[in-house]
Every structure is written in C-alpha cells, then in structure tokens.
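>>> Sequence and computational prediction follow.
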Amino acid sequence: MKTRKIFVAVAIVSLVLTVGACKKSRYCHCVSDYYTIVINADTVSRADTAVVNVDRSMKCEHIKELTFRTKDEGPVVLTDREVKCVELDVDTVRVLP
C-alpha cells in the first residue's frame, strides 16, 4: 500500500516536471517607434521590427532596447532603438501581426 502511494507520487512529480520542461523558450515580437529617414531626397517614415527568442525566465515586457542593423545607401549602420515587445503564442499564431 505504501509502495503504491510512493509510485503514484513519483509519477505525478515526473509528469509535472515533464510538462513544465516542454516549453523552454518564448518568442517576443518587438517593434520600435516610427522614425524618419531620408532616402534619395525623399522622407520616409519607418519602424523596425524583430522576433526575439528568449528564455522562459525572461519576460518580453522587460526588453526595452534592441540594436538594429540597417543599410540604406552606404555602410551598415548599427542603431539602438527603444522597442515595445509582446509575447507571441507560437501554438496559435502562424503569421506575425
């Protein structure tokens, strides 16, 4: 009788650990504020967007700044931009918003 309770307890603990370990990462969809650039004397309004894979221990809302690499007309430019991030539910969302 005691052995049966121990086996049930071990089975429940292993089930909980297995379910918790299934989803080890999360995806965040981050969008910067709109900014203005000049391309060929035309003013263009643009916002950078990125999908970031982060640990389960990190929340998407805590990402405040990302570095984006852009090349419009000339050398590659690395720019730090403030972003707003939301978590993507990869089980139900097939296309980015």
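On my side now, so go ahead. Residues are numbered from 1 along each chain as shown.

>>> what number of residues lie near V52?
16 (other C-beta atoms under 10 Å). The way it works is simple: take the backbone N, C-alpha and C, and place the C-beta from them, glycine included.

>>> tell me the pLDDT at it?
Reported pLDDT at V52 in the predicted model: 88.

>>> Number the chain from 8, please
Sure thing, new numbering starts at 8, so read that last one as V59.

>>> Would you double-check that it falls in a helix?
No - assigned with DSSP: H, G, I helix; E, B strand; the rest coil, V59 falls outside any helix and is strand.

>>> list the contacts for it?
Taking C-beta atoms under 8 Å, 6 or more residues apart in numbering as the contact definition, V59 lies against Y34, C35, C37, C67, I70, L73, C92.

>>> what is it paired to in the beta sheet?
Beta bridges link V59 to C35 when assigned by DSSP bridges.

>>> Helices of this structure, start to end?
9-29 (DSSP state H).

>>> what stretches of it score poorly on pLDDT?
The chain contains residues with pLDDT under 70 at 8, 14-18, 20, 22-31, 79, 98-104.

>>> center of it - which residue?
Centroid-nearest residue in the chain: C35, 2.0 Å away (criterion: C-alpha atoms, centre = their mean).

>>> so that one makes contact with V58?
Yes - with contacts counted by C-beta atoms under 8 Å, C35 reaches V58, the gap being 7.1 Å.

>>> Touching both of the two, which residues are there?
With C-beta under 8 Å, 6+ apart as the test, C35 and V58 both reach L95.

>>> Without its sequence neighbours, what residue ends up closest to I70?
Counting by C-beta to C-beta, 6 or more residues apart in numbering, I70 lies nearest to C92, which is 4.5 Å off, once chain neighbours are set aside.

>>> burial count for that neighbour?
Neighbour number of C92 under other C-beta under 10 Å is 21.

>>> and the residue lying closest to I44 once chain neighbours are set aside, how many residues sit next to it?
Residue nearest to I44 in three dimensions, not counting chain neighbours: V51, with 5.5 Å by C-beta to C-beta, 6+ apart. Number of residues near V51 (other C-beta under 10 Å) recorded here: 11.
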